[in-house]
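In: Predicted structure and sequence below. I'll ask about it afterward.
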Amino acid sequence: MLHKILLMGPQGSGKGTQAEKLSTKLGVPAFGMGQLIREEVATGSETGKKLEAISNQGLLVSDEDAARLLKLRLQKPDTQNGYILDGYPRNLSQFMAFDFDTPTHVIVIDIPRDESLKRLGGRLTCSACGKVGSVHNGIKVGDSCSCGGKWTQRDDDKPEAINRRLEIYENDTAPVITEYEKNGIVRRVDGVGSLEEVFGRIIGVI
C-alpha cells in the first residue's frame, strides 16, 4: 500500500519522534523541511548556497524554494512506496505551492496547549550534534551529551517563544488541516500518553 503521510501537530506533540518510528515500521523515508534544507546546503550546490545565505540572515526560505526542494526530494527512488513529511505545509501559501503530489493520509497529533508548554519548556538541545533531550529525563543545562557536546536551552524553547510558535500553528497551520479535511484524509490522534501508546494510535488510523 502507498503511504504518503503528512504528520502534523503543535510544537511538542512528538511529530519528529513518531515520524522516525513510522518510517521504520512502513519502510518509507521520513523528512522535514528543515532537514531537506540542511541536506541541500551540505551538498554545496548553487541552490544550497542560496539557502544557506538566506538562513544565515535569519530569514525564512520562500514557499517557492521550499516546494522546489520537496519536489526534488520526492523524485528520488526511495519515495516510490511513499514518504512521511513532518510539519509541512505550515500555512496556506505552502499548501497552494504543494500542488505536485497528493497525500494519502494527514495525521494530526493533538495535545493541549499546557502540555506543549510543559514538554517544550523542559526541552534541551545538544550544541554539537543537535540531538533533543528533556530535563524531565534528568538532563540539566551544561551536562555533556554522549557526543561530547553540551546540553543547552535554545531561545525558541523559552516560554514566550513557545507561545508565539503555538499561536502561529493555531492561526496558520490549522486552516491547512481544514483544507485537507475537505478531502476526508485527516485522522486525529490523542498525543497525550507514552511514546508507544501514541504510536499505537497512529498505526490504528492508517
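Out: Nice, I can see it. Numbering: from 1, shown residues only.
In: And stretch 181-191, what's buried?
Out: 185-186, 188-189, 191 (16 or more other CB atoms under 10 Å). No exception for glycine: its C-beta is placed from N, CA and C like everyone else's.
In: repeat for stretch 72-85
Out: 73-74, 82-85.
In: Export those residues as JSON lines, with columns for distance to Glu52 and secondary structure.
Out: JSON lines is the format used below for the buried residues of stretch 72-85 (distance: CB to CB, whole Å; DSSP: H, G, I helix; E, B strand; the rest coil):
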{"residue": "Arg73", "distance to Glu52": "17", "secondary structure": "helix"}
{"residue": "Leu74", "distance to Glu52": "22", "secondary structure": "helix"}
{"residue": "Gly82", "distance to Glu52": "30", "secondary structure": "strand"}
{"residue": "Tyr83", "distance to Glu52": "24", "secondary structure": "strand"}
{"residue": "Ile84", "distance to Glu52": "26", "secondary structure": "strand"}
{"residue": "Leu85", "distance to Glu52": "22", "secondary structure": "strand"}
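In: wait, which of the buried residues of stretch 181-191 is closest to Leu124?
Out: Gly191 (20.3 Å; CB to CB).
In: so who does the closest one touch?
Out: Counting by CB atoms under 8 Å, 6 or more residues apart in numbering, Gly191 touches 9, 13-14, 109-111, 115, 198.
In: So which residues of this structure form strands?
Out: 3-8, 30-32, 82-86, 105-110, 123-126, 132-134, 151-152, 186-190 (DSSP state E).
In: so which of those strands comes closest to Ala161?
Out: strand 123-126 (11.3 Å).
In: Need the contact partners of the closest one.
Out: Contacts with strand 123-126, where a contact means CB under 8 Å, 6+ apart, come from 12, 131-135, 139, 141, 145, 147, 149-154, 157.
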